[in-house]
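In: just the structure for this:
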Amino acid sequence: MQLATIGAAVVIAIVALIAIAVEVGEEETDAAVEFLPTIDATPDASPTLVPTAIPSPGGSPTPEETQPVGPVVPTFPPLSESPIVRITIPIALVDSEDIVTSGLADDGVIPLPEDPQAVAYYEFSSRPGDTQGNAVFGGSGVRTADEEGLLANVPGLGAGDEIVITLEDGIQYLYRVFAVNTLGEAPALLPTDVGCDESGECSGLGTLTLIAFDTPQGTVIVQAQLLRGGP
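Out: This next block holds a predicted model:
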């Protein structure tokens, strides 16, 4: 009888231990589930990339800085028929108001001004400032012990040097040299020798041709491109 009672007590104890173990296991399982990461079955859409402008040195970007910048196109005033009153070539030490207007000689050649200190504008050519033409000027480049022409230093010009033409109405045209050609002891020049056709039409893209006659190196032809114009 005692053995049966002891056996029953043992069975009850074993059952109680099993129940406690099962309860502890469930609590551990529940705790483990709480720490599992959750995975969304529908992930967010890809993020949108928003371009940002480079800020100004002083702070936030201005509206102009956030817009694309196009090429800078030079602008020029309307073509003026006002008389030419001055030519300035700083590198060649030329600053003269002695401007004469000249046509072609009877034999069709481009004449040298009679005054070695004068510069001729050849009226068969385009007006200064004409963006579709070629304006032609000329003067003496002679340099001797007794005489020096106004354009004596023109053979020393190079690419990038500037020529300024001023009109009576105050408009100025700035040209930049891009070519200097020495012809040596060249014969008399015709309009076709300076980029004009046989009729004297001088088309171009806003250029200026300057002829220095009778320099020690011969005839020198300078070509320059119109950069800007204005009062």
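
In: show me where this structure has helices.
Out: Per DSSP state H, the chain carries helices over the ranges 2-34.

In: quick one: low-confidence ranges for it?
Out: Applying pLDDT under 70 to the chain picks out residues 1-75, 186-187, 198-200.

In: which strand in it runs the most residues?
Out: Ranked by number of residues, the top strand in the chain under DSSP state E is strand 218-230.

In: so which other helices or strands are in contact with that strand?
Out: strand 162-167, strand 172-182, strand 207-215 (3 or more Cβ pairs under 8 Å, 6 or more residues apart in numbering; DSSP states H and E). For the C-beta atoms, the positions are set from N, CA and C on the backbone; glycine is no exception.

In: packing partners of the second one?
Out: So that's strand 172-182. Counting contacts by 3+ Cβ pairs under 8 Å, 6+ apart, strand 172-182 is packed against strand 162-167, strand 218-230.

In: buried residues in the longest one?
Out: Buried residues in strand 218-230, counting neighbours by 16 or more other Cβ atoms under 10 Å, are found at 219-224, 226, 229.

In: how about the nearest residue to residue 109, chain neighbours excluded?
Out: The shortest distance from residue 109 to any non-neighbouring residue, by Cβ to Cβ, 6 or more residues apart in numbering, is to residue 188 (3.9 Å).

In: next: residue 162.
Out: Of all residues not flanking residue 162 in the chain, residue 176 sits nearest, at 5.8 Å (Cβ to Cβ, 6+ apart).

In: so what's the one you found up against?
Out: 160-163, 224-225, 227 (Cβ atoms under 8 Å, 6 or more residues apart in numbering).

In: residue 156 too?
Out: Contacts for residue 156 (Cβ under 8 Å, 6+ apart) come out as 91-92.

In: distance of it relative to residue 140?
Out: The spacing between residue 156 and residue 140, counted by Cβ to Cβ, to the nearest Å, is 16 Å.
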